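K.L.:
Predicted model and sequence follow; I will ask about them next.
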Amino acid sequence: GLSAEAYCRRHEITVIGDNVPPPFTSFEATGFPSEILREVQNAGFSSPTPIQAQSWPVALQSRDIVAIAKTGSGKTLGYLLPGFMHLKRTRNNSQMGPTVLVLSPTRELATQIQDEAMKFGKSSRIAVVCLYGGAPKGPQLRDIDRGADVVVATPGRLNDILEMKRISLHQVSYLVLDEADRMLDMGFEPQIRKIVKEIPARRQTLMYTATWPKEVRKIASDLLVNSVQVNIGNVD
Ligand code: ADP
Ligand code: MG
């Protein structure tokens, strides 16, 4: 195999942070449990994508991350699989509310994330619930009541359900802002900030974005602590 330096050079990976661990250049290197490695194999994936290779070891150290990589680079599993490992460690009761919360800008993206989470989390018996607008609340509230380890939500609908006091975020300790740039473009910043107020400060926060404009930098500096930044390819 390649050295960590050669791997990063070849895949245009740059990192900013203290003592950043080297990338996992193979699935075997991740130490993920066999039920997860089996799903990865079933999906026909031969190796981690660069954003996965570099964000997995950082996320598994329970550190905050900003990951910047273009669309189609495999960011979803970049945060989901360490989220599953986090769930295994915490062993929270899903009836008390989710442990992992993923915020996503649109219904379409949220359901794609839910599909990926259900596919890769099924053999680990992870309960995934998706909350989005443009659909009746009833079934979503029933899904919450049945118990969720992972909630994938658009900020607007989650905020509505929070105001109804039909979900508790007090157990959330792994927060993901996916497509952070798009969420801010769509005007979700006030809802995101309200949601974050409901989550304990003692948490791991991960931000995945395709671009890194100053609005995204600002919210990252407000919500993340001592984060490691992982870039794939050329960013400004
Ligand atoms: P992004 O969020 O960066 O736009 P996605 O997470 O949606 O990217 O992934 C894009 C596609 O790549 C999906 O179909 C996903 O299943 C697939 N994929 C994810 N990880 C790998 C991998 N390690 N090898 C091959 N394909 C992968
Ligand atoms: Mg994505």
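P.N.:
That came in fine, so what should we check first? Ligands and ions are numbered 1, 2, ... in the order given.
K.L.:
For this protein, which segments are assigned as strands?
P.N.:
Ranges of strands in the chain, per DSSP state E, are 13-16, 65-68, 100-103, 128-131, 150-153, 174-178, 204-209, 228-232.
K.L.:
any idea of the mean pLDDT in the second one?
P.N.:
The one in question is strand 65-68. Averaging pLDDT along strand 65-68 gives 98.
K.L.:
Could I get the strands of the chain in CSV, plus columns for distance to K194?
P.N.:
Glycine gets a C-beta too; all of them are placed from N, C-alpha and C. Shown next, in CSV, are those (distance: least, Cβ to Cβ, whole Å):
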stretch, distance to K194
strand 13-16, 29
strand 65-68, 22
strand 100-103, 12
strand 128-131, 15
strand 150-153, 13
strand 174-178, 13
strand 204-209, 16
strand 228-232, 26
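K.L.:
Looking at those strands, which is nearest to G121?
P.N.:
Closest approach to G121 among those is made by strand 128-131 (6.2 Å; Cβ to Cβ).
K.L.:
Could you list the residues of this protein in contact with ligand 1?
P.N.:
Listed as neighbours of ligand 1 in the chain under the rule Cβ under 6 Å from any ligand atom: 45, 48-49, 52, 69, 71-77.
K.L.:
In helices, which of the residues you listed appear?
P.N.:
Taking DSSP state H, the ones among those that sit in helices are 52, 75-77.
K.L.:
Can I get the strands of the chain in JSON lines including mean neighbour count?
P.N.:
JSON lines is the format used below for the strands of the chain (neighbours: other Cβ atoms under 10 Å):
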{"stretch": "strand 13-16", "mean neighbour count": "16"}
{"stretch": "strand 65-68", "mean neighbour count": "26"}
{"stretch": "strand 100-103", "mean neighbour count": "27"}
{"stretch": "strand 128-131", "mean neighbour count": "25"}
{"stretch": "strand 150-153", "mean neighbour count": "28"}
{"stretch": "strand 174-178", "mean neighbour count": "26"}
{"stretch": "strand 204-209", "mean neighbour count": "24"}
{"stretch": "strand 228-232", "mean neighbour count": "22"}
